[in-house]
Every structure is written in C-alpha cells, then in structure tokens.
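Undergrad: using only what follows, build the 3D model:
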Amino acid sequence: MKVLTIQGSPRANGNTAAVLERFEKSLDDGHEVERVDLQGLNIGGCLACYACTQNTTEPGCVQMDDAQGVISSILDADAVVYATPLYMWTFPAQIKALFDRHLCFVKGYGSEDYTSLINDKPVALLVTCGGPVEGNADLIQESFDRFVKYGFLRHAGNYVVPGCTTPDQLGEAADDAVTQMKAAVVGA
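TA: Down below sits the predicted model:
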C-alpha cells in the first residue's frame, strides 16, 4: 500500500512532524511511504474560478504552483494521512490552502453527477495541540469530517495528541494515536 503523509505544520521539526515520523516508522516493509512537508512549498489559496470543475476526469486546477505535485501524489496514493498542529481551533494556513485546493477533485457538486476523483480513498487526520481535546480540538475534527463527506472519502479516523507543546512532551498519547491510526489506515 502506498501511504502519503502530508505534514502541514510550519515547524519542520515540531510535535506534528515527530508524531508523523513515529507513524511512518511503524509501517511494515510492505508499505511505501511518501511524505510531503508543506512548509516551504508555494501553495496558493483557491481562486474560486471553478475552472477545475469543467474537466470531469482530472483535477484541472489552473494554478501552476507546488500544489500540482501534491495533488498528483494524492491521486497516486492508496491512503492519505493529513498531519497538522491545532492553530486557533483549526488548521494553520499551510495546510488550509491545500484543503481549499481539494475542490479540484470534486465534480458535479449539487447535481446528480456529483462525484470525486478520490472517491473511497482512506484518509486520516492527525492533530497535535497544546491544550485538551474537548472544547479545543473539536472544531478541526468536525471540519475534517465534513471534508471527508464532501470528497466521498473513506474516513480512517481523527487522532488528536493533546497537551504537548514540544516533541519531548508527546508521551503515551502519541504512541496510542500511532497504533490506532496504523490499524485504521493500513489494517495492521
């Protein structure tokens, strides 16, 4: 199985990267892992031009930036893990821009022809945050749940590692999240 991991933190070596690395290392030799680190990439926000909706067989985004490569990797992957820190109860700008660009995968929204180019692809959300889950990381999970439904994706779960501001504070919560996510994403 080819698993794409998308690291959406602006910190290359922060909590999110550390937990994601644990997940990647936990995968057996039978799985191929490709990681995309969004920090440093040039990914513009969606222009809402809807040019991408005109072609029903490919993404068709008109912007020629680094999102094109990430979009291709998403199409090629068997499963995708989106990893992000919690910023102001939701996603940081780096990964939010990419989520907005997922519009290019959905075709015929609101019509009887409504479909997705990534239909039934397993996806998981990994979130790290300094505070608790309740009243803090609930909105980001709800947003991701709606994203999954919109794209006709297969939800492999939301995994939140709370109470950490530095990688050395990750502890058992990170190990538990990695174990559960691995089982849901690759079935091991």
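Undergrad: can you classify residue 96 by secondary structure?
TA: Counting by DSSP: H, G, I helix; E, B strand; the rest coil, the backbone at residue 96 sits in helix.
Undergrad: ok, it - contacts?
TA: When contacts are counted by CB atoms under 8 Å, 6 or more residues apart in numbering, residue 96 is found next to residue 90. No exception for glycine: its C-beta is placed from N, CA and C like everyone else's.
Undergrad: measure it to residue 21 for me?
TA: 22 Å (CB to CB, to the nearest Å).
Undergrad: same deal with residue 98?
TA: 20 Å.
Undergrad: now do residue 104
TA: According to CB to CB, residue 104 stands 29 Å off from residue 21.
Undergrad: more crowded one of those two?
TA: Neighbours around residue 104 and residue 21, counted as other CB atoms under 10 Å, are more numerous at residue 104. The numbers are 23 against 17.
Undergrad: so is the more buried one in a helix, a strand, or just coil?
TA: Residue 104 ends up helix, using three-state DSSP.
Undergrad: contacts only, for the residue nearest to the spatial centre of the chain.
TA: What sits nearest the mean C-alpha location of the chain, by CA atoms, centre = their mean, is residue 82, with 2.1 Å. Residue 82 makes contact with 6, 8, 95, 123, 124, 125, 126, 144, according to CB under 8 Å, 6+ apart.
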